[in-house]
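Asks: got a sequence here, can you model it:
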Amino acid sequence: MHVEEVGHILETWLDPHKQRFVKAWVHQHLHFEQFVTSRAEGIHQLIKSHLKHSQVDLFEAWRIIKLVLSNQLSELKANQAKQQITTPLDISGVLYGNIRGWISHEALRKVDGQRARLLKEIPACTGVFAKTLSLPCAHNLQPLLAQGLPLQLYHFHSHWHLQRSGTPQLIVEPRKLFDRLAANSTLPSSSTQREPSAFEAIEKASQPRALPKCSRCHNYGHKMTSKACPLRYEDLLEPPPPITTTTHTVTRSLSPSSPSGVSVISEIVAYTTTHMTTHTTTHMVSPPTAKSAAITTPRVPVLQPDDPRAIFQRYKEAREAWYATLPQGGLKTNQQYRRAMGLPQRYSKAEYNWCLDYKQMGRRCRAGTNMREWTKEEMMSYLDWDKAEDESVEQNVRIEMAKQPFSRRRGMQDIWDAAERDLEVHYISSR
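Replies: Just a heads-up that it's a prediction; the model follows:
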């Protein structure tokens with residue numbers, strides 16, 4: 001019966017267009033892209049894989065189903081916690097600022113796919129995406145992007161929320177407004193000075209910078225620490241002997257004779273050189289006695305025996321004395337001297353750094369009114385002296401322990417007395 005009619009319906013409508021009929025019905029309902037039975041069949045297969053055989057009783061089946069559901073719930077919670085603390089790298093921007101960490105990554109990627117559609121021309125809205133997934137479509141995102149507004153939680157169905165009803169609601173913090181001028185300003189917040197305009201900043205950047213001025217030689221084009229400074233190594237060079245022109249003026253005066261019959265002639269000789277120096281000499285006429293002359297000499301600073309400069313001076317004197325013992329034409333080098341005296345030929349970098357500490361030599365050496373770096377020979381002489389001092393202290397301790405193994409000396413006074421004796425030995429040996 002009606003074979004031809006049924007065949008016409010199958011060939012003309014159902015076979016070519018059956019998918020369209022199904023979609024026309026399915027797309028009118030909220031299904032979250034789950035409109036097939038494969039999901040239920042997958043859960044059924046999962047439970048059957050845990051049952052192992054079909055002859056289990058009701059209690060055993062209930063226990064296995066409970067175990068399967070507990071495992072799925074644990075995986076779901078772990079996945080939700082992971083999505084709350086992580087952010088996909090491909091989803092960023094102001095649009096997702098308020099919902100990141102509250103909406104699942106799957107929903108965010110679907111919405112981002114709708115945002116990507118705005119890069120091309122899109123047709124009129126059919127409402128299928130919003131009806132079936134309850135997510136904002138490209139037409140809903142367009143005004144938000146135009147106004148620079150973020151998405152909110154109410155734009156998404158609770159199915160996509162990582163925290164469902166009964167959990168704390170999201171507290172949306174207000175957007176921070178950054179003042180571009182204040183962020184780039186170098187003025188303090190209390191300053192009333194006007195910020196420069198854009199053209200002023202361009203003019204300032206286009207102006208040539210002034211050449212640096214050296215504080216040592218007072219020339220332009222370099223700094224004091226630059227290698228181009230001609231006076232950088234001035235303190236290492238010995239100053240040439242001064243060439244001076246000396247003129248003198250002699251003024252003589254005869255004082256009245258004293259009751260003892262002695263007359264005094266005062267002679268003032270004024271020498272004019274590059275440095276003005278005045279010498280006053282008093283001569284006794286009769287009877288002849290020892291002449292006294294007051295000559296002012298420049299004061300030379302007295303170096304302590306443990307001063308690095310004094311140590312290096314003694315080192316050079318000992319080396320020159322050793323040079324004098326060599327036959328004429330012999331090799332006179334610092335390495336030969338150290339090898340003959342049994343001194344180390346080199347020291348490690350750590351030892352050099354140690355002697356440059358402020359408690360030892362210090363970083364720089366004072367040469368007159370200038371400061372300079374220590375030379376390697378000066379540092380080696382200081383390390384030699386320190387090593388000899390340590391050996392001397394150990395030798396004295398061994399001698400004292402051999403004489404008096406059970407010493408009764410105690411207190412700070414004994415320590416100060418030992419330090420005073422050590423200082424006297426240093427003074428005697430440095431003369």
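
Asks: so where's the stretch 201-350 of the chain uncertain?
Replies: Filtered on pLDDT under 70, the stretch 201-350 of the chain yields the residue ranges 235-301.

Asks: so what's the residue count around the residue nearest to Ala182 when sequence neighbours are not counted?
Replies: Closest residue to Ala182 apart from its sequence neighbours, by Cβ to Cβ, 6 or more residues apart in numbering: Ser189 at 8.0 Å. Any C-beta I mention is one placed from the backbone N, CA and C, and that applies to glycine too. Neighbourhood size, Ser189 [other Cβ atoms under 10 Å]: 6.

Asks: endpoints of stretch 156-163, how far apart?
Replies: Using Cα to Cα, to the nearest Å, the end-to-end distance of stretch 156-163 comes to 12 Å.

Asks: ah, wrong one, I meant stretch 82-90
Replies: 17 Å.

Asks: which stretches of the stretch 201-350 of the chain form strands?
Replies: Using DSSP state E, counting those that start in this stretch, the strands found in the stretch 201-350 of the chain span residues 247-254, 264-272, 276-284.

Asks: burial measure for Val68, as a count.
Replies: Val68, neighbours per other Cβ under 10 Å, totals 16.

Asks: doesn't Met371 belong to a strand?
Replies: Yes. Assessed by DSSP: H, G, I helix; E, B strand; the rest coil, Met371 belongs to a strand.

Asks: which stretches of the stretch 51-200 of the chain aren't confidently modelled?
Replies: By pLDDT under 70, the low-scoring segments of the stretch 51-200 of the chain are 166-173.

Asks: can you tell me what sits against stretch 58-72?
Replies: Stretch 58-72 is contacted from outside by 46-47, 50-51, 56, using Cβ atoms under 8 Å, 6 or more residues apart in numbering.

Asks: in that stretch, what counts as buried?
Replies: Residues 64, 68 are the ones in stretch 58-72 that count as buried (16 or more other Cβ atoms under 10 Å).

Asks: then stretch 380-399?
Replies: For stretch 380-399, the neighbour count (16+ other Cβ under 10 Å) marks 380-386 as buried.

Asks: what of stretch 204-217?
Replies: Judged by neighbour count (16+ other Cβ under 10 Å), stretch 204-217 contains these buried residues: 214, 216.

Asks: give me the element Glu33 is part of.
Replies: Following DSSP states H and E, there is no helix or strand that holds Glu33.

Asks: same question, the one 10 residues further on
Replies: Take DSSP H and E as the rule and Ile43 turns out to sit in helix 38-51.

Asks: what is the neighbour count of Gln371?
Replies: One correction, residue 371 is Met, not Gln. Neighbours of Met371 under the rule other Cβ under 10 Å: 12.

Asks: read off the pLDDT value for the residue nearest the centre of the chain.
Replies: The residue lying closest to the centre of the chain (Cα atoms, centre = their mean) is Asn353, at 21.2 Å. If you check Asn353, the pLDDT there is 90.

Asks: which SSE is it in?
Replies: According to DSSP H and E, Asn353 maps onto helix 349-355.

Asks: figure out the helix or strand that Leu151 lives in.
Replies: Assigned by DSSP H and E, Leu151 falls outside every helix and strand.

Asks: give me the nearest residue to it, chain neighbours excluded.
Replies: Nearest residue to Leu151, sequence neighbours excluded (Cβ to Cβ, 6+ apart): Ile99, at 5.2 Å.
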